[in-house]
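Engineer: This is a predicted model, with the sequence first.
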Amino acid sequence: MKKPSALIALVVLSVLSAGIVLAEGVVKIGILDFSPFYVIEEGKEPTGLVLEALKIAMTKAGFAYEIKDYPPKRLYQNLAEGKSELFLGIKGVPELEDRVLYGRSKITTIDMRVYTRAETPTPKTKDELKGKKIIVIRGYSYGGFIKYLQDPANQIEVDESDNHEIAFKKLQAKRADYLLDYRQPADDAIKALTLTGVQNNSLSLLDIVIIVSKQTPNGQELVDKLERAFEELRKEGKLKDI
């Protein structure tokens, strides 16, 4: 039988070993270009309101991390396969169904809006989109709303665009009846293109939450610790900008 001191030493060694594994593990954060939450500019370090808050929370929770940016479809594929382990985004992405863990608390919200030209009536409900042609941003799921747009029963023609500015140029050129976009990046595109007479209306507020790939070792622990870190930072008044 081992002496008590030997048993204690063994327990301590086990705890320290577990801590070392956790400390040395680098969490692979995936992001996409989504100003002002995620801002990606060539030759510069990624930044943005949500990303900067995430960096603070990761440090507070004791996790090392690396950040890489991807197009939306590639990011979702990476999360499903575990090549990316963590993302702060919205629920409802078809590619992530049953492939990720979600946090329970919202980090912030994003406003999904429908945009029209000055002469076009602004829809107030999704039913008013039936039978219309809608511009969307390629790779966006719109919190699962893309399924409604693609449902043949709704007779909606979907026109995909590679970025927000191209989408608004199409809208101004009358290539479609409406454009579905999120308020923050849409505001940036409208400002960059100096557009006037663009009408819009909010269709839904969507929560941004913690998303962790189910392929991530100790994934639920990552979710729980990160949620606690965000909660503590809010109580400390350090997350006022999101």
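Structural biologist: Received the coordinates, thanks. Numbering: from 1, shown residues only.

Engineer: among the helices and strands of this structure, which has the poorest mean pLDDT?
Structural biologist: Ranked by mean pLDDT, DSSP states H and E, the helix or strand of the chain with the weakest confidence is helix 4-24, at a mean of 39.

Engineer: Tell me which helix or strand comes right after that one.
Structural biologist: Counting by DSSP states H and E, the element after helix 4-24 in chain order, helix or strand, is strand 26-31.

Engineer: Just after the longest strand belonging to the chain, pick out the following helix or strand.
Structural biologist: Using DSSP state E to define each element, the chain has its longest strand at strand 199-213. The helix or strand immediately downstream of strand 199-213 is helix 219-235, counting by DSSP H and E.

Engineer: Next, the angle from that next one to strand 199-213.
Structural biologist: 130 degrees (axes from the mean of the first three to the mean of the last three C-alpha atoms, to 10 degrees).

Engineer: Quick one: distance of the longest strand of the chain to the chain centre.
Structural biologist: Distance of strand 199-213 from the chain centroid (C-alpha atoms, centre = their mean, to the nearest Å) equals 8 Å.

Engineer: what do you get for stretch 145-153?
Structural biologist: Taking C-alpha atoms, centre = their mean, one finds stretch 145-153 lying 21 Å from the centre of the chain it belongs to.

Engineer: now do stretch 108-122
Structural biologist: Distance, stretch centre to chain centre, for stretch 108-122: 20 Å (C-alpha atoms, centre = their mean).

Engineer: can you tell me the distance between the two ends of that stretch?
Structural biologist: End-to-end span of stretch 108-122 (C-alpha to C-alpha, to the nearest Å): 26 Å.

Engineer: Pull out the buried residues from that stretch.
Structural biologist: The neighbour-count check on stretch 108-122 (16 or more other C-beta atoms under 10 Å) flags 110, 111, 112, 113, 114, 115, 116, 117 as buried. C-betas here are computed from N, CA, C, even on glycine.

Engineer: Many thanks, have a good one.
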